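# here is my input; please provide its structure:
(2 chains)
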Number of protein chains: 2
Amino acid sequence: MSTTAAVPLPALPDGRVVTDPDVATSYATDASLGSAAPEEFVVVRARDRDDVVAVLEHAQAHRIPVVPQGARTSLCGAASALEGSIVLNVEALKALEINTAEKYAVVGPGVINADLKRAAAAEGLYYPPDPASGPMSTIGGNVATNAGGLCCVKYGVTGDYVRGLEVVLAGGEVVRTGHRTAKGVAGLDLTGLFVGSEGQLGVVTEVVARLVPAPDPALTVLATFDSLDDATRAMVQLRAERNGPNLIEVLDRTSLQAIQAMEDFGFPEEAEAVLLVQSDRPGHAGEDVQRYAELLEACGAGEVAVADDAQEADALMAGRRALAPALELKGPHFIEDVCVPVTRLGDLIATARDICARRDVPIVLSGHGGDGNLHPCLFFTEGDDSREVAEEAFAEIVRTALDMGGTVTGEHGVGSLKRRWLPQELGETEMARQRAIKQLFDPLGILNPGRPY
Amino acid sequence: MSTTAAVPLPALPDGRVVTDPDVATSYATDASLGSAAPEEFVVVRARDRDDVVAVLEHAQAHRIPVVPQGARTSLCGAASALEGSIVLNVEALKALEINTAEKYAVVGPGVINADLKRAAAAEGLYYPPDPASGPMSTIGGNVATNAGGLCCVKYGVTGDYVRGLEVVLAGGEVVRTGHRTAKGVAGLDLTGLFVGSEGQLGVVTEVVARLVPAPDPALTVLATFDSLDDATRAMVQLRAERNGPNLIEVLDRTSLQAIQAMEDFGFPEEAEAVLLVQSDRPGHAGEDVQRYAELLEACGAGEVAVADDAQEADALMAGRRALAPALELKGPHFIEDVCVPVTRLGDLIATARDICARRDVPIVLSGHGGDGNLHPCLFFTEGDDSREVAEEAFAEIVRTALDMGGTVTGEHGVGSLKRRWLPQELGETEMARQRAIKQLFDPLGILNPGRPY
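Numbering: from 1, shown residues only, chains lettered A, B, ... in the order given. Now for the predicted structure:
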């Protein structure tokens, strides 16, 4: 690995270019499976917009690929270094200003999601998007992937909270999209086009994020189900509530077993599924969770536990939080991200388990049930063909999800790893159209090339 | 006027092409000021997607401009016939199917906004976007303008409820954007690009509209203010409520005088402003409006009236509804649509009144106060130079709004009439970029040319 040899460097103030190879290597990979540093790349840690402009001007002039990067939590390989690239890290762009009267925040792309939440909370406001990576991931990355999370069932996704952007285009032009007012329809909506574009159209240097009034601390119900159909029916009915949950998470039997194998959370290992359901409605969370509990019982839940205060609610969520370390303990795996109509979620879980059972591929199924957004984890062993077999199994799960009217990615993005599935979902004509849009913004194909375009 | 002579006709089944010149003329204009039929045009009333495809194939082959059209309620001249054009009316595409479990509706572009609301309500669901034209305007037009309305302060705008679209592009290619699942991030977001594109990028033939659980019937508070600053402060504080209003409308003194000149609604004519504020929160609208009333009083309101039931609430709204006929009675005028930060609304009202007073231009100011979205109406007399003077005054109001960080159109769109202001807001570089996107989708510039691109 070399951090300088083959990649010509832009003229930048001191301290921007990473010269220590070990430090550079730490910027080369993201959280996706198999992420590895390429042979030749350089890392620039931008400190302001001017640095971003300088890198993009230079890269265009020298036709060097640029990988825009935040906290490297990408699970789909959208933020790892490419061969011969400049990694343009914007974590240091941490401006954060809250306008309480107009209810928006102006934030740099390097601001951590949880830090924006905290700053908003200090003003009695709330920035809802809550990807599970929230404590580490940046707003820039959240915007680049149109990140979802746990509370989308009530609050929607990142894009629903982006009023406007400042973006540096390939070649260094700075553009502003959207507006700071509550409404605005002058011209085409380029904000929506940049949101979720995975660093393909430009580098976000500022986000105008809409804030909402703060909710109450969430209270929780936990319910076990012996039937996936019953659990699915419960989720559909919860979504129909006029004062609906801010969270409907599902852990299927495979998750319960993985969690229990690590630590005893008292989950019945033979239950088909556990649902975790929350309300954060100001002044009424307690009555909501009681009502949800009755609904869950009426839908055939076995055990139902209701948390009356925030501390108990947190304890009920501990099992959910234990899932991530339990998956790590269980060995090498890839985390997927399909989304189907909520009514099909039980079918998808059952079919995915069948698909994996036929191939002896261990699978753990959990996710944001209220959105129909499942994160199947497929396990394999290093050094044999089990990874290929797991990938075959996942291919069949993808086809199943697409046949159900679903998508290959609900919230993680396409990146490098899901690129192969995109034509199945969009078709080649649509891919060509999207490539043409990419080309309009980035004629030389410099920005995060191949992810996916 | 001829409906056939100069415009070559596509091959279409019987009954699609309007042959009666009087009927054709009725399709030539929209609700914008000065809308007039051109010399030569034809009207096609499409009955299905195939008709739309046939027209767009033909138009491309013969380089004929096409004006996509719904109920012709455009206030900015986006839906009136252009010289030598085919007017492609899609009012007859009225498919309407509701998926209660997944909470979306699949609707044809010709479905009237109020009909979608009614169909959703019959299933205990709610389609929030409510432009004042809701009883007449179509979903296709609402999508084309990203229509706002009265309830945006709580619910957002049309685009917030569009999950996916079927669109026929110039040349006749049919594309599908977005998804029916709750989440989905595979590929670029073209849905957002089409929403608000005013018929410039394609003709929408199907909309997948997100629905939410039905709220309660709204209850209302009416409050009078002797100070615009107090009224503005009240709006800002109402927006900060954790259980906030679904409607914050403002009528300034000029509106009160116009309404009282038509009929006595008991408005104090010397009040600076009246605020109308509603809650539709399930089970709690009554307590909300009481709390809003206290807040309004604390902000310096004079009279405060609270409606305890839906009928009374409706009576309080009668003055607001009387505004439209009062404006008509007052004579020729244009209705504008600026949007500024909510904190600047009082300033904008005062400045706009000054600007018009200096020129002796009668002005009436009202709008969706909670969004900072004002609809100034400037009056003139036919046959003298007063229209030009009113337009000069409006130009100064636009500059004022832009200087405040606002926009020339909060919800009506640009169309023909606001085209002149767009470069002031976007700048020429951004205009060029947007033109390039237009050209990508419509290389021959056939779709609604000049509105604005």
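# now the residue in the stretch 101-250 of chain A that chain B sits nearest to, nearest residue through space, not along the chain?
Residue of the stretch 101-250 of chain A nearest chain B, by C-beta to the nearest C-beta: A:Gly192 (2.5 Å). In short, each C-beta sits where N, CA and C put it, glycine included. Excluding the flanking residues, the one nearest A:Gly192 by C-beta to C-beta, 6 or more residues apart in numbering or on different chains is B:Gly192, at 2.5 Å.
# could you pull out the strands in the stretch 351-453 of chain A for me?
A:363-364, A:366-368, A:373-374, A:377-379 (DSSP state E, counting those that start in this stretch).
# any idea how many residues pack against the residue of the stretch 101-250 of chain A closest to chain B?
Residues lying near A:Gly192 (other C-beta atoms under 10 Å in any protein chain shown) number 24.
# check A:Ala71 too.
21.
# ok, it touching A:Glu91?
Yes: with contact defined as C-beta atoms under 8 Å, A:Ala71 reaches A:Glu91; the gap is 6.4 Å.
# in contact with A:Val55: list those residues for me.
A:Pro10, A:Leu12, A:Val44, A:Ala46, A:Val66, A:Ile86, A:Leu88 (C-beta atoms under 8 Å, 6 or more residues apart in numbering or on different chains).
# kindly recompute the last result at 6 Å.
Applying C-beta atoms under 6 Å, 6 or more residues apart in numbering or on different chains to A:Val55 gives the contacts A:Pro10, A:Val44, A:Leu88.
# SS state for it?
Using DSSP: H, G, I helix; E, B strand; the rest coil, the structure places A:Val55 in helix.
# how much space separates it from chain B?
Using C-beta to the nearest C-beta, to the nearest Å, one gets 21 Å for the distance from A:Val55 to chain B.
# for chain B, what are the nearby residues on the stretch 101-250 of chain A?
Listed as neighbours of chain B in the stretch 101-250 of chain A under the rule C-beta under 6 Å from any C-beta of the partner chain: A:101-102, A:146, A:148, A:179-189, A:192-193, A:196-197, A:213, A:236, A:242.
# keep only those of those residues that are in helices.
Mapping those onto helices (DSSP state H) picks out A:Gly192, A:Leu193, A:Val236.
# let's have those in TSV, adding pLDDT.
Shown next, in TSV, are those (pLDDT from 0 to 100):
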residue	pLDDT
A:Gly192	96
A:Leu193	97
A:Val236	96
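# just the closest of these to B:Ala301, please.
Taking C-beta to C-beta as the measure, B:Ala301 lies nearest A:Gly192 of those, at 38.6 Å.
# isn't that closest one right up against B:Leu190?
No: in this structure A:Gly192 lies outside contact range of B:Leu190 using C-beta atoms under 6 Å: 8.8 Å.
# which secondary structure elements does the lowest-mean-pLDDT helix or strand in chain A sit against?
In chain A, no helix or strand scores lower on mean pLDDT, DSSP states H and E than helix A:310-330, which sits at a mean of 90. Secondary-structure packing of helix A:310-330 (3 or more C-beta pairs under 6 Å, 6 or more residues apart in numbering or on different chains; DSSP states H and E): strand A:219-225, helix A:253-262.
# among the ones you listed, show me which one is buried the most.
Among the helices and strands packed on helix A:310-330, the stretch with the highest mean neighbour count (mean count of other C-beta atoms under 10 Å in any protein chain shown) is strand A:219-225, at a mean of 26.
# which elements pack onto that strand?
Here strand A:219-225 touches strand A:273-279, helix A:285-298, strand A:304-306, helix A:310-330, going by 3+ C-beta pairs under 6 Å, 6+ apart.
# looking at these, which is buried most?
Comparing the helices and strands packed on strand A:219-225 by mean neighbour count (mean count of other C-beta under 10 Å), strand A:273-279 ranks first with a mean of 27.
# send me it as PDB with only the CA atoms.
Output of strand A:273-279 as PDB, limited to C-alpha atoms (Å, rounded to 0.1, in the frame of the first residue of the first chain):
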ATOM      1  CA  ALA A 273     -41.100 -14.100  16.600                       C
ATOM      2  CA  VAL A 274     -40.900 -11.300  19.100                       C
ATOM      3  CA  LEU A 275     -42.300  -7.900  18.300                       C
ATOM      4  CA  LEU A 276     -41.000  -4.800  20.100                       C
ATOM      5  CA  VAL A 277     -43.400  -1.900  19.800                       C
ATOM      6  CA  GLN A 278     -43.000   1.700  21.200                       C
ATOM      7  CA  SER A 279     -44.900   4.900  21.600                       C
END
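# and it with chain B, contact?
No: using C-beta under 6 Å from any C-beta, strand A:273-279 never reaches chain B; the gap is at least 13.1 Å.
# paired strands for that strand, with orientation please.
strand A:219-225 (antiparallel), strand A:247-252 (antiparallel) (DSSP bridges).
# let's have those strands in TSV, adding mean pLDDT.
Output for the strands paired with strand A:273-279, formatted as TSV (pLDDT from 0 to 100):
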stretch	mean pLDDT
strand A:219-225	96
strand A:247-252	97
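# dump those into a markdown table; add distance to A:Ala357 as well.
As requested, these are arranged in a markdown table below (distance: least, C-beta to C-beta, whole Å):
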| stretch | distance to A:Ala357 |
| --- | --- |
| strand A:219-225 | 20 |
| strand A:247-252 | 13 |
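# what's the closest of these to A:Leu327?
With distances scored as C-beta to C-beta, the stretch of these nearest to A:Leu327 is strand A:247-252 (11.6 Å).
# the closest one vs helix A:310-330, what angle?
Relative orientation of strand A:247-252 versus helix A:310-330 (axes from the mean of the first three to the mean of the last three C-alpha atoms, to 10 degrees): 40 degrees.
# and strand A:247-252, how far out from the chain middle?
16 Å (C-alpha atoms, centre = their mean, to the nearest Å).
# would you map the helices across the stretch 351-453 of chain A?
Assignment of helices within the stretch 351-453 of chain A using DSSP state H, counting those that start in this stretch yields the ranges A:386-403, A:422-426, A:428-441.
# make CSV out of those helices and add distance to B:Leu316.
Shown next, in CSV, are these (distance: least, C-beta to C-beta, whole Å):
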stretch, distance to B:Leu316
helix A:386-403, 50
helix A:422-426, 50
helix A:428-441, 48
